[in-house]
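K.L.:
Here is a sequence together with a model predicted from it:
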Amino acid sequence: MTERWREAARCRDEGLVLFFPREQHEDEADADYREVVHRHTEFPASFCRRCPVREECFALSMKKRATEGVFGGVNQVIRQRWLKAGRKWRCQADGCGKTIDPFTLLSDPDIDRCEEHRA
Ligand code: SF4
Ligand SMILES: [Zn+2]
């Protein structure tokens, strides 16, 4: 399904391999974990940070419970952890429901309000 926001995606012309790493590293005890976090979070995160549609991208991955890939700068390891923990990724302010900027959530996963509704 093609959605309009995808036309503005910064990764539109990049190879999908960057965002869908073949390797699966879901075990935090894995000796390669730090390396994986760097390669699959830091690098794509810096790329996604300047993407105008990162909130839409992140919202889609959470709705679809995507098991692989980086969306909105969030990799599958972090996403799965958030999904399992039932973390809030939509603004909890009355009547809002806006997707919270994934970069705000990366630095503080307990935030439950969008920028507008944070005092
Ligand atoms: S946030 Fe990242 S993965 Fe998502 S559309 Fe933008 S550049 Fe692509
Ligand atoms: Zn809000």
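P.N.:
The structure has been received and is ready for your questions. Ligands and ions are numbered 1, 2, ... in the order given.
K.L.:
just checking, next helix/strand downstream of the helix or strand of the chain with the lowest mean pLDDT?
P.N.:
In the chain, no helix or strand scores lower on mean pLDDT, DSSP states H and E than helix 33-37, which sits at a mean of 60. Downstream of helix 33-37, the next assigned helix or strand under DSSP states H and E is helix 43-48.
K.L.:
Which other helices and strands does that following helix contact?
P.N.:
Applying 3 or more CB pairs under 8 Å, 6 or more residues apart in numbering; DSSP states H and E, we find helix 43-48 packed against helix 102-107. For glycine as for every other residue, the C-beta is placed from the backbone atoms N, C-alpha and C.
K.L.:
What are the buried residues along the helix it packs on?
P.N.:
Residues P102, F103, L105, L106 are the ones in helix 102-107 that count as buried (16 or more other CB atoms under 10 Å).
K.L.:
And these, which two are furthest apart?
P.N.:
F103 and L105 (7.3 Å; CB to CB).
K.L.:
which residues touch T67?
P.N.:
Contacts of T67 were listed using CB atoms under 8 Å, 6 or more residues apart in numbering, and they are Q76, Q80.
K.L.:
for stretch 72-86, what is the average pLDDT?
P.N.:
Throughout stretch 72-86, pLDDT has a mean value of 90.
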